[in-house]
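**Q** Pasted the sequence and its predicted model underneath.
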Amino acid sequence: MKHRSRARGWALQALYAWEQKGGDPAEAIATLSDLVTNLRVSPENRPFAEVLVRLVATNLPRIDRAIEESLTNWRMSRLSVIDRAILRLGTAEMMFVDEVAPRMAIREAVNLAEKYGTNESPRFVNGVLDAVMRRLNPAEPGQA
């Protein structure tokens, strides 16, 4: 599982760079490939990072809609690039990666927020992704 946590970190960095370059879905995997080539990314981390980046890029409107429906008094455009990328990763995992439990996806996203975001990011990410989880799985009880 350590490989997946590291892969999420690489995917986050790729999504951050991708959005800075304009966010063209066709360029997402190329951005990750550039990152892998220029930095020391372990071969064990690459496949899951690619899955995550591809999921976000190919399902971006659906992922963003799920996040936007869960934001209170915020718009996607007002979020920091890093928080937006973390929310997209967490939402993509909850929506499309069956072998990752929603609570695990939230926990991993909060860990990324602690590492890469601001002091407020972990709490914000947790709250938004918990709301996304409840919308996606209404039977899921309580806070993450």
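**A** Okay, I see it.
**Q** mind checking the SS state of Val41?
**A** Classification of Val41 using DSSP: H, G, I helix; E, B strand; the rest coil returns coil.
**Q** Leaving out sequence neighbours, find the closest residue to it.
**A** Leaving aside its chain neighbours, Val41 sits nearest to Trp10 (5.7 Å; criterion: CB to CB, 6 or more residues apart in numbering). Just so you know, the C-beta spots here come from the backbone N, C-alpha and C atoms, and that holds for glycine as well.
**Q** what number of residues lie near the one you found?
**A** 22 (other CB atoms under 10 Å).
**Q** How much space separates it from Pro61?
**A** Counting by CB to CB, to the nearest Å, the gap between Trp10 and Pro61 amounts to 24 Å.
**Q** Likewise for Asp34?
**A** Counting by CB to CB - Asp34 and Pro61 are separated by 25 Å.
**Q** Which one's more surrounded, these two?
**A** When Asp34 and Pro61 are compared for neighbours, Asp34 comes out ahead with 15 against 9, by other CB under 10 Å.
**Q** hmm, back to that, alpha carbons of the strand or helix carrying the residue nearest to Val41, as CSV, please.
**A** Secondary structure assignment for Trp10, by DSSP states H and E: helix 2-20. Output of helix 2-20 as CSV, limited to C-alpha atoms (Å, rounded to 0.1, in the frame of the first residue of the first chain):
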residue,chain,number,x,y,z
LYS,A,2,3.0,2.3,0.5
HIS,A,3,3.4,2.3,-3.3
ARG,A,4,-0.1,3.6,-3.8
SER,A,5,0.4,6.4,-1.3
ARG,A,6,3.6,7.5,-3.2
ALA,A,7,1.8,7.0,-6.5
ARG,A,8,-0.9,9.4,-5.3
GLY,A,9,1.8,12.0,-4.5
TRP,A,10,3.2,11.7,-8.0
ALA,A,11,-0.2,11.9,-9.5
LEU,A,12,-0.9,15.0,-7.5
GLN,A,13,2.3,16.6,-8.8
ALA,A,14,1.4,15.7,-12.3
LEU,A,15,-2.1,17.1,-12.0
TYR,A,16,-0.7,20.3,-10.5
ALA,A,17,1.8,20.7,-13.4
TRP,A,18,-0.9,19.7,-15.9
GLU,A,19,-3.3,22.4,-14.7
GLN,A,20,-0.5,25.0,-14.8
